[in-house]
Structures are given as structure tokens and as C-alpha cells.
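Student: I would like to see how this sequence folds:
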Amino acid sequence: FQLVESGGGLVQLGGSLRLSCAAPGLTFDYYAIGWFRQAPGKEREGVSCISRSGGSANYADSVKDRFSISRDSAKNTVYLQIDSLKPEDTAVYYCAAGPYLDRNMCDIRGDYTYWGQGTQVTVSS
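Tutor: Residues are numbered from 1 along each chain as shown. Next up is the predicted model:
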């Protein structure tokens with residue numbers, strides 16, 4: 001399975017974006033979903049995840065006041081709302097699905113099985 005990200009683009013400093021992660025064909029409710037990003041020359045970092053139930057979410061300290069994750073199980077889609085964009089948010093953003101037995105748990109440092117190809121977010125100043 002491959003996840004499909006969308007919603008990236010070129011945004012001005014302080015702007016907002018909503019990224020989408022679709023999971024066609026995946027038994028969506030079996031998986032926690034994570035968002036990751038990789039900037040040029042840097043390692044990939046986990047920024048957020050949401051549990052299978054949608055009732056629990058985690059964020060990296062660097063983004064937790066500006067990023068918000070949600071999921072719509074009817075649409076097999078997870079969203080990442082990004083507000084107050086900064087130049088350091090410029091990166092390719094990936095979503096990934098990880099199986100969790102606990103419906104109310106996710107970990108941005110956990111194991112994720114299926115990945116998307118990424119969507120570019122560029123913040124201009």
C-alpha cells in the first residue's frame with residue numbers, strides 16, 4: 001500500500017496550509033498515522049501522529065503550538081493543519097501508517113509500515 005499526500009505548496013511566512021494523507025485500499029482503522037518531514041541536508045523527523053481512534057495525538061516540541069492533526073475515518077484521510085508557517089518548516093512532508101494494537105496510542109518515534117511519496121512545503125520570507 002502507498003499513502004498519498006497532498007496540499008503542499010509555496011506559502012508566505014506566517015501563512016497556513018492543510019496537508020492531506022489518503023490511504024486508498026488500506027484498512028484505515030487498523031493504523032495510527034504519522035506525519036514526518038525532511039528538510040534538505042537534514043534527517044527526517046517525526047512531527048505528529050494520531051491514534052487509530054483519533055482520540056490521541058502527539059506532536060514534536062518544535063511544532064505543537066502550530067500543528068494540528070485530525071483524521072476522518074469515513075474518508076480514510078488524515079489531515080495536518082499547519083499555521084504560522086516559518087522558514088524552518090520548509091521540507092518534504094510524508095505521512096505513514098503504523099499498526100498499533102492500542103487504539104488510543106501513537107508514537108512519532110514508532111515503527112511505520114506504509115509510506116507516501118511526500119508533498120513539498122516551501123515557506124517564503
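Student: switch to C-alpha atoms for all contacts and neighbour counts from now on
Tutor: Noted.
Student: The residue lying closest to Thr113 once chain neighbours are set aside sits in which helix or strand?
Tutor: Nearest in space to Thr113, with sequence neighbours left out and distances taken as Cα to Cα, 6 or more residues apart in numbering, is Gly98 at 5.3 Å. Assigned by DSSP states H and E, Gly98 belongs to strand 91-99.
Student: Look at the residue nearest to Thr113 and report its pLDDT.
Tutor: Here, the pLDDT recorded for Gly98 equals 96.
Student: ok, what's across the strand from it?
Tutor: Ala32 (DSSP bridges).
Student: And the strands in this structure?
Tutor: Along the chain, counting by DSSP state E, strands occupy 4-6, 9-12, 17-22, 31-38, 45-50, 57-59, 67-72, 77-82, 91-99, 114-115, 119-124.
Student: Nearest the middle, which residue of the protein would you pick?
Tutor: Centroid-nearest residue in the chain, with Cα atoms, centre = their mean: Trp35, separated by 2.4 Å.
Student: so how far is Ser125 from that one?
Tutor: 24 Å (Cα to Cα, to the nearest Å).
Student: likewise Gly98?
Tutor: For Gly98, the distance to Ser125 - Cα to Cα - is 35 Å.
Student: higher neighbour count, those two?
Tutor: Using other Cα atoms under 10 Å, the more surrounded residue of Gly98 and Ser125 is Gly98, with 21 against 10.
Student: my read: that one touches Trp115, true?
Tutor: No: Gly98 lies out of contact with Trp115 (Cα atoms under 8 Å); the separation is 9.3 Å.
Student: returning to that earlier point: packing partners for the strand holding Gly98?
Tutor: strand 4-6, strand 31-38, strand 114-115, strand 119-124 (3 or more Cα pairs under 8 Å, 6 or more residues apart in numbering; DSSP states H and E).
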